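>>> need coordinates for the following:
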Amino acid sequence: MTEDAKPSGIGGWLILPVIGLILLPINLLVMLVTIYSPIFTDGYWEVLTTPGSEIYHPMWAPVLIYEVVGNIVFLIGSLLLLVLLFRKHYLFPKLMIWFLAVNVVFIGIDLFLADLIPSVAAEPDPEGMKDFVRSIITAVIWIPYFILSKRVQNTFVRPVEKDVDPGEGVYQLG
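Residues are numbered from 1 along each chain as shown. Model prediction:
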């Protein structure tokens, strides 16, 4: 394979996680606005977190705060990753690997915490489990890809330092 024939750039299989990463902030923003915003604006927060209310449980507040803060962090993280991606920054693959791994842990902890609320644990949550399995499958596929792919290695490279004359720009005293 010649030097020019090396796979590089945003193409090939890399296009699939790129599409997912482009759609992720949109999905997170829609979820924050449609699901979590009404909890705080329509009085649900008070009903869920006020002792003595019909559906109060002490875990509601920590679970909801964990979910909202976590999703905001993932929104900001995905936007940062997009900037690094399109700049072809050498840190993108490492941060993407961390992002995928932390997502699995985040969803797993969220499911565990939510199951500590008896009314949540009593209801099956196929969507939550589907999200968890999807995050595991995504990580299992794309983490090795970002580690092993020649396209990734050739696209996201550390910039080469220009040769600098050590005496250049240095003032010597007398």
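>>> low-confidence ranges, this structure, go.
Along the chain, the model assigns pLDDT under 70 to residues 1-5, 162-174.
>>> where do the helices sit along the protein?
All helices of the chain, identified by DSSP state H, fall at 15-31, 37-41, 44-49, 60-86, 92-114, 118-121, 126-148, 150-155.
>>> rebuild those helices as a markdown table, extending it with mean neighbour count and distance to E161.
Any C-beta I mention is one placed from the backbone N, CA and C, and that applies to glycine too. Listed next are these as a markdown table, based on neighbours: other C-beta atoms under 10 Å; distance: least, C-beta to C-beta, whole Å:
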| stretch | mean neighbour count | distance to E161 |
| --- | --- | --- |
| helix 15-31 | 14 | 28 |
| helix 37-41 | 13 | 47 |
| helix 44-49 | 16 | 53 |
| helix 60-86 | 16 | 20 |
| helix 92-114 | 17 | 20 |
| helix 118-121 | 12 | 54 |
| helix 126-148 | 14 | 25 |
| helix 150-155 | 17 | 19 |
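>>> among those helices, which is nearest S8?
Evaluated with C-beta to C-beta, the helices of the chain place helix 150-155 nearest to S8, the distance being 3.7 Å.
>>> give me the residues contacting the closest one.
Outside of helix 150-155, the residues within contact range by C-beta atoms under 8 Å, 6 or more residues apart in numbering are 6-14, 88, 93, 145-146.
>>> one more pass at 7 Å, please.
Contacts to helix 150-155, defined as C-beta atoms under 7 Å, 6 or more residues apart in numbering, come from residues 6-10, 12, 14, 88, 93, 146.
>>> now swap in stretch 46-54 and tell me
With C-beta under 7 Å, 6+ apart, stretch 46-54 has contacts from 55-56, 60-61.
>>> what's the first-to-last distance across that stretch?
11 Å (C-alpha to C-alpha, to the nearest Å).
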